[in-house]
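Participant: 3D model of this:
(one chain, ligands or ions: 1)
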Amino acid sequence: MLLLNCPYCNLSCEETEFLAGGQAHIKRQSIDSSDQEFESYLFARKNPKGVHIERWQHLYGCGKWFHVARSTVTLEIFGSYSAQTLSPPKKIRANINKKLPEWHWENSK
Ligand SMILES: [Zn+2]
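Facilitator: Okay, the predicted model is just below:
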């Protein structure tokens, strides 16, 4: 069972309080995008063995969406932050790099 922290309420709750929303930081495509780019935007998702940045909604709390950085191997949570943030904050990146020095942030397409 995951124990997630909502960055808005600052409450730590079990994952059953939340709704998983899949991969975070997916860049929207413009109307001028090719069919292949638009198909990738709609359907292609990362499924890494390691650090994954995910969207979660505090469904039975404040209702707001936020992002969580966690390991898909150990289920360790590295931190959570506002969904309006365009990349993981430095503090969360540092938490990840303490455990996984080779990990680096790359923006999702
Ligand atoms: Zn909340």
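
Participant: what comes up buried for the worst-scoring helix or strand of the chain on mean pLDDT?
Facilitator: Counting by mean pLDDT, DSSP states H and E, the chain has its least confident helix or strand at helix 35-43, which shows a mean of 93. Buried residues in helix 35-43, counted by 16 or more other Cβ atoms under 10 Å: residue 41. Quick note: C-beta positions are derived from backbone N, CA and C, even for glycine.

Participant: which secondary structure elements does the helix or strand following it contact?
Facilitator: For helix 35-43, the succeeding helix or strand toward the C-terminus, using DSSP states H and E, is strand 51-57. Helices and strands in packing contact with strand 51-57 are listed as strand 19-23, strand 65-71; criterion 3 or more Cβ pairs under 8 Å, 6 or more residues apart in numbering; DSSP states H and E.

Participant: can you list the residues of the protein near the ion?
Facilitator: 6, 8, 9, 58, 61, 62 (Cβ under 5 Å from the ion).

Participant: switch to 6 Å and redo it
Facilitator: 6, 8, 9, 58, 61, 62, 64 (Cβ under 6 Å from the ion).

Participant: For this protein, which residues score under the pLDDT cut-off?
Facilitator: 107-109 (pLDDT under 70).
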